[in-house]
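1. I'll drop the sequence and a predicted model, then ask my questions.
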Amino acid sequence: MLFRALLLGLAFLPSITLAQTDCSRLGRDPIEMVLFESHAAIAIMDRKAEVLTYREAIPGSDLLADTTVHAANFPLRFRWGDQERIMTWEGPLPGLADLTAGNSFRATAQIAENGKAAGTMTVTVQVVGPTEIAIRDCTYPVVEMQVTHETDSGPGPVVVRKWLHLPSLIVLGSDVQQNGKTTENRVSQILYKAN
């Protein structure tokens, strides 16, 4: 509950402009938390090579979810409350070095929820290419991608246009299309761990 209060409290703090910060910190210094324009926030729990684990509050509940994702596109595990969903991908997954303009990938995973088979997930990634995204006074190099998530038990495909900062594995912006609705989300602030 304390973590959720911290997440929500930080999301509503008056913004600290990145102009007061060294823009080169992203990808160089360890990240504590990422705040979004939507007032969502994620806390970075762990980073190992191409795998990132983060924690976020689940909207409309008091639960926190831990998400582990490979190369920003392929979820490996979700944990919330006493629930756990694990994705076992068929074959090797593309890595960050594969996220170059014109490349596309399709991978399918078996989903297990609390140890029981729960269907499949297919992720299709189309790499548009390098571009830049501005967050306040800083401009960052990103890779633009279109990622489609489909499950055999879901409400239909979810299509996400995302802008990934490769060195940090942080998605700095996304446009999510689902059920005819598009939701835009951009990073508003990045908080770094104290030295």
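-> Okay, I see it.
2. going by C-alpha atoms from here, please, whenever you check contacts or count neighbours.
-> OK.
3. beta-bridge partners for the residue most central in space within the chain, please?
-> The chain has residue 171 as the residue nearest its centroid, 5.4 Å off, counting by Cα atoms, centre = their mean. Beta-bridge pairing for residue 171 (DSSP bridges): residue 164.
4. partner strands of the longest strand that the chain contains, parallel or antiparallel?
-> Ranked by number of residues, the top strand in the chain under DSSP state E is strand 116-135. If you go by DSSP bridges, strand 116-135 pairs up with strand 104-113 (antiparallel), strand 138-151 (antiparallel).
5. next, count neighbours for residue 117.
-> As a burial measure, residue 117 scores 12 neighbours (other Cα atoms under 10 Å).
6. next: residue 135.
-> Using other Cα under 10 Å, residue 135 is surrounded by 18 other residues.
7. equivalent analysis for the one 4 residues further on, please.
-> With neighbours defined by other Cα under 10 Å, the count for residue 139 comes to 12.
8. for it, give me its contacts.
-> 23, 132-133 (Cα atoms under 8 Å, 6 or more residues apart in numbering).
9. and those, which is closest to residue 161?
-> Of all those, residue 161 sits closest to residue 133, with 13.1 Å by Cα to Cα.
10. tell me the pLDDT at the closest one?
-> Listed pLDDT for residue 133 reads 95.
11. how close does it get to residue 139?
-> Per Cα to Cα, to the nearest Å, residue 133 is found 6 Å from residue 139.
12. among the contacts of residue 139, name the buried ones.
-> Buried members of the contacts of residue 139, scored by 16 or more other Cα atoms under 10 Å, are residue 133.
13. list the buried ones in stretch 92-102?
-> Buried, per 16+ other Cα under 10 Å, within stretch 92-102: 93-94, 96, 99-100.
14. whoops, I mixed them up, stretch 132-151
-> 133, 135, 140, 142-151.
15. for residue 129, which non-adjacent residue is closest in space?
-> Leaving aside its sequence neighbours, residue 129 sits nearest to residue 101 (Cα to Cα, 6 or more residues apart in numbering; 4.0 Å).
16. and if you look at residue 103?
-> Distances taken as Cα to Cα, 6+ apart place residue 127 nearest to residue 103, at 5.4 Å, with adjacent residues excluded.
17. what residues does the one you found make contact with?
-> 99-104, 143-146.
18. mind running it again at 10 Å?
-> Residues counted as contacts of residue 127 (Cα atoms under 10 Å, 6 or more residues apart in numbering) are 98-105, 143-147, 161-162.
19. next one: residue 173
-> 36-37, 133-135, 142, 144, 160-165, 184-188.
20. now residue 22
-> Contacts of residue 22 (Cα under 10 Å, 6+ apart): residue 138.
21. give me the sheet partners of whichever helix or strand residue 52 is part of and which way each runs.
-> In this structure, residue 52 sits in strand 51-57 according to DSSP states H and E. Strand 51-57 has the following strand partners under DSSP bridges: strand 41-48 (antiparallel), strand 64-70 (antiparallel).
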